[in-house]
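Engineer: What follows is a predicted structure for the sequence shown.
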Amino acid sequence: MTQSSDLTDELDDCFLKTAGNIIKYYDDEESRKKLLKNLRETLEENCIQVTKIKAANEIKEHLQFDNMSELEKDVKNLTQEYRKALSEIKVNPAEDKRLIAHNRQVNDLIQAIKAASNNDLDNTDTDLRLTSSEINVIDPISKTRMTDPVRNAACGHVYDKESLVAMLKKNPNTRCPVVGCTNTDYIVLSQCRFDIVTKTYLENNPA
Ligand SMILES: [Zn+2]
């Protein structure tokens, strides 16, 4: 993984944690919606910029490569070609994986909270108590309570990041340790991303 995609991952986690905080601290549905929308738009803007920079770099490399042997070629033409290619970059943020992942996690959290409040009607003062039925707080690797939960996109199982990293460091070719997991592929760390639903549950149900 390149350094820049690490940074993008970190940034995405920040966006998600911020969304979690908005949901946690804003009871009023209108302001909550508005803030979540602002946050999503900021992420969307970032997705567009990142995609454009990536595409621009590809164009640049392509042009440089093509013109290696023609160093005398008119610089003006080259610049024009570059500008034209840049202006033709098309970005559709709605198809951006980062934005899709963000929206999915935020929706999962809102749904989990809604489901919890329907199950618990006299629970009026707690805005954020999730149901425990589908949320596992015990890390399958260390068998202790998680602090930094990450969800494996390949199978949906959640682990604690620290023990996952340690386990993969020892043996990079490791399969999901959850008993009964049907995924037989090795765990890919970059596919294991911060999980807002488990994190929120952990925060609201201290050990
Ligand atoms: Zn699994």
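Structural biologist: Structure's in. What do you need? Numbering: from 1, shown residues only.
Engineer: C-alpha from now on. contacts and neighbour counts both.
Structural biologist: Fine.
Engineer: Off-centre distance for stretch 180-189?
Structural biologist: 19 Å (Cα atoms, centre = their mean, to the nearest Å).
Engineer: Kindly report the same for stretch 109-117.
Structural biologist: On Cα atoms, centre = their mean, the centre of stretch 109-117 falls 20 Å from that of its chain.
Engineer: can you check stretch 47-57 too?
Structural biologist: On Cα atoms, centre = their mean, the centre of stretch 47-57 falls 18 Å from that of its chain.
Engineer: neighbouring contacts of it?
Structural biologist: Here stretch 47-57 makes contact (Cα atoms under 8 Å, 6 or more residues apart in numbering) with L86, I89, V91, N92, P93, D96, R98, L99.
Engineer: which other helices and strands contact the helix or strand of the chain with the lowest mean pLDDT?
Structural biologist: Of the helices and strands making up the chain, the lowest-confidence element is helix 75-87, at a mean of 80, by mean pLDDT, DSSP states H and E. Identification of packing neighbours for helix 75-87 by 3 or more Cα pairs under 8 Å, 6 or more residues apart in numbering; DSSP states H and E yields helix 29-67.
Engineer: Contact residues of this protein facing the ion?
Structural biologist: C155, H157, C176, C181 (Cα under 5 Å from the ion).
Engineer: what are the phi and psi values for the nearest residue to the first one once chain neighbours are set aside?
Structural biologist: Translated: C155. Spatially, and ignoring its direct neighbours in sequence, C155 is nearest to N183 (6.0 Å; Cα to Cα, 6 or more residues apart in numbering). Here is the backbone geometry of N183 (degrees, to the nearest 10): phi -80, psi 120.
Engineer: Thanks again, I'm all set now.
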